[in-house]
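Engineer: The amino acid sequence is not available; the structure is as follows:
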């Protein structure tokens, strides 16, 4: 492969490119991706395959697992949706306005990335418990946040926010003000400009950010475990069920649940990617 | 964005490599390092025991010994050893977990429990209750935990060794009261678990939930953990309630034969485990709120802290750990059957 690459040879499956080095970089990309992503995933599926397809199906369709998958995927989707809306607003404020302390605000967005998730979970649990600062405000109305599904939602919103902000921000930065000015001179109202000119351009970035936040939320364990309450059928997330199976030395069962999560996540991400491709064609933005 | 995480991972693994090389370097003939893989609430206990053993070993053999102790949920620790963690000795919460190591990894013989006195348990403990000061829900014994309107904090028995003792203690209480009625025992335990608002994954997690997050009216806990809670969070906030009947928890210890033979540490590791039974160690054990197997060696003042409770062993009430594990905590066991979709509301 590398010798061919040195001669500038390009495999026929690839479109001819003016850039040299396709073979070398493609080979590197494939081996790297295999090593880091594909081989571990293959091992996971191989572990689960000890049960056979119907075995995996049986594990995945037990009421307890179904309930946990529902909790994981629905709450993750809800958290990602909220993050798309509010993450877009945060990105907008950070790009379009100048205000004192902007740098600090901007850096703070990244904190959920940097913080060990367990620390985040413990911090959130102590804030939102009925004797915590925020939890105490809601307690008089009988609203419990920590140790309920609402707690899971809070934790997932927390860890997902930077994904949306950081994907939308650069797109918004590159978005030319002239386009908005043109829209205004052509007689569009402010609302029209936002919803028909700015937002369509942001849709692909919003979708990417939302998809990343969703994917991260589905797999999140550390922060959720401290605030969820972990009650079966109510606030038990699928990753916890995987850990539980591991504690029982049931590696195949754990891998089976993991494989099911993998398939659902992959399908969801694929769907989001297709919508993105569609919106790109529809609106013609990169 | 993701390279930040990668960087953290790299840091963590670098730290891991450093500690491994530290272990390797310490292999000079003059110095020996032992790894003790233990369970969650023994941090304070083994810190004291390790110091005492190191002093004694150096005095008698001239060799310097360093003992590293790793703590975590008992089941998780057992899994680490099965997966290859090089433990010279294991000191876990229950025999079932060491059985699992013997069965799954063959790193120690199946008869490990008969190699040391008292079922290989140098100390015992039991399960008691911690309530808020003044005992506002007037909790006195196990049936109070099954009452409506009482909120009980206990960890998940699937992930926590201590929680398994809690579960079996409740079950054994009702078995004893009804002279062996399994159906009644099951209903009783179910009623208690319907009162549980949070299932933490380990004993320390439950203590935090109860003591710091103000969740629940009663914490079901290891006796030593209960004393420690009072010590840590203040005897003015909590009090211990001792039920009339509980389970005799025997946290066992064992050599991991394959590891000590490979590392050449059999002699010192054996001495370490035998040390746990000596009067000096027994005294430390009692001081750290564990019940010594040789009470005569302990300080009488420490012993006076342990109230008299009628105790039953797992062997007496459940026919051994293997059976208890399979019936109650395995996939689909009695614990799993408590939680059903659309069953009794579990959050209150």
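Structural biologist: Yep, that arrived. Keep in mind that this is a model prediction, so the values were computed, not measured.

Engineer: Only C-alpha atoms from now on, for both contacts and neighbour counts.
Structural biologist: Noted.

Engineer: Run a quick neighbour tally on the residue of chain A at minimum distance from chain B.
Structural biologist: As assessed by C-alpha to the nearest C-alpha, chain B sits closest to residue A:229 within chain A, at 4.2 Å. Residues lying near residue A:229 (other C-alpha atoms under 10 Å in any protein chain shown) number 26.

Engineer: Check the secondary structure at the residue nearest to it when sequence neighbours are not counted for me.
Structural biologist: In space, and not counting its chain neighbours, residue A:229 is closest to residue A:147: 3.8 Å by C-alpha to C-alpha, 6 or more residues apart in numbering or on different chains. Under DSSP: H, G, I helix; E, B strand; the rest coil, residue A:147 falls in the coil class.

Engineer: was I right about residue A:147 contacting residue A:225?
Structural biologist: No - Residue A:147 is not in contact with residue A:225 according to C-alpha atoms under 8 Å; the separation is 9.2 Å.

Engineer: that older thread, quick check: which element contains the residue of chain A closest to chain B?
Structural biologist: Secondary structure assignment for residue A:229, by DSSP states H and E: no helix or strand.

Engineer: Please read off the pLDDT at it from the model.
Structural biologist: With respect to pLDDT, residue A:229 scores 86.

Engineer: Please apply the same query to residue A:15.
Structural biologist: Per-residue pLDDT puts residue A:15 at 63.

Engineer: got it, and residue A:81?
Structural biologist: Taking residue A:81 on its own, its pLDDT is 96.

Engineer: how far is the helix or strand residue B:239 falls within from where the chain is centred?
Structural biologist: Residue B:239 belongs to strand B:238-241 when assigned by DSSP H and E. Relative to its chain's centre, strand B:238-241 lies at 20 Å (C-alpha atoms, centre = their mean, to the nearest Å).

Engineer: Each with direction, which strands does that strand pair with?
Structural biologist: As defined by DSSP bridges, the strand partners of strand B:238-241 come to strand B:123-132 (antiparallel).

Engineer: what residues does the next helix or strand after the partner strand touch?
Structural biologist: Once strand B:123-132 ends, the next helix or strand along the chain (criterion: DSSP H and E) is helix B:142-145. The contact list for helix B:142-145 (C-alpha atoms under 8 Å, 6 or more residues apart in numbering or on different chains) reads B:139, B:150, B:151, B:152, B:170, B:173, B:192, B:195, B:218, B:243.

Engineer: tell me the phi and psi of residue 61?
Structural biologist: The chain I'm using is chain A. For residue A:61, the backbone dihedrals (degrees, to the nearest 10) come out as phi -100, psi 10.

Engineer: looking at chain B here, not the other one
Structural biologist: Taking degrees, to the nearest 10 as the convention, residue B:61 sits at phi -120, psi -10.

Engineer: So what's the residue count around it?
Structural biologist: 8.

Engineer: Quick check: residue B:309 touching residue B:246?
Structural biologist: Yes - with contact defined as C-alpha under 8 Å, residue B:309 reaches residue B:246; the gap is 6.8 Å.

Engineer: Tell me the residues on chain A that lie near chain B, please.
Structural biologist: Counting by C-alpha under 8 Å from any C-alpha of the partner chain, the residues of chain A close to chain B are A:63-64, A:113-114, A:125-126, A:129-132, A:147, A:225-226, A:228-233, A:244, A:246-249.

Engineer: Now list the buried members of the residues you listed.
Structural biologist: A:64, A:113, A:125-126, A:129-132, A:147, A:225-226, A:228-233, A:244, A:246-249 (16 or more other C-alpha atoms under 10 Å in any protein chain shown).

Engineer: which non-adjacent residue is nearest the closest residue to chain A within the stretch 51-200 of chain B?
Structural biologist: Among all residues of the stretch 51-200 of chain B, residue B:198 sits closest to chain A, at 4.2 Å; criterion: C-alpha to the nearest C-alpha. Distances taken as C-alpha to C-alpha, 6+ apart place residue A:229 nearest to residue B:198, at 4.2 Å, with adjacent residues excluded.

Engineer: for residue B:112, same thing?
Structural biologist: In space, residue B:112 is closest to residue B:254, 6.6 Å off (C-alpha to C-alpha, 6+ apart).

Engineer: Buried residues, the one helix or strand that neighbour maps to. List them.
Structural biologist: Assigned by DSSP H and E, residue B:254 belongs to strand B:253-255. Across strand B:253-255, burial judged by 16+ other C-alpha under 10 Å covers B:253, B:254, B:255.

Engineer: again with stretch B:283-303
Structural biologist: Quick answer for stretch B:283-303 (16+ other C-alpha under 10 Å): B:283-295, B:297-298, B:302-303.

Engineer: Check stretch B:133-144 too.
Structural biologist: Buried residues in stretch B:133-144, counted by 16+ other C-alpha under 10 Å: B:135, B:139, B:141, B:142, B:143, B:144.

Engineer: Just name whatever secondary elements the helix or strand containing residue A:241 is in contact with.
Structural biologist: Using DSSP H and E, residue A:241 sits within helix A:238-247. In terms of contacts (3 or more C-alpha pairs under 8 Å, 6 or more residues apart in numbering or on different chains; DSSP states H and E), helix A:238-247 is packed against helix A:63-96, helix A:251-283, helix B:74-82.

Engineer: just to revisit the earlier point, out of residue B:309 and residue B:246, which sits in the busier spot?
Structural biologist: Between residue B:309 and residue B:246, counted using other C-alpha under 10 Å, residue B:246 has the larger neighbour count: 25 against 15.

Engineer: Contacts only, for that one.
Structural biologist: Going by C-alpha under 8 Å, 6+ apart, residue B:246 touches B:126, B:127, B:128, B:169, B:170, B:172, B:173, B:309, B:310, B:311, B:312.

Engineer: Equivalent analysis for residue B:301, please.
Structural biologist: Under the criterion of C-alpha under 8 Å, 6+ apart, residue B:301 has no contact partners.

Engineer: rerun at 10 Å
Structural biologist: B:286, B:287 (C-alpha atoms under 10 Å, 6 or more residues apart in numbering or on different chains).

Engineer: how near is it to residue B:289?
Structural biologist: Separation of residue B:301 from residue B:289 (C-alpha to C-alpha, to the nearest Å) stands at 11 Å.
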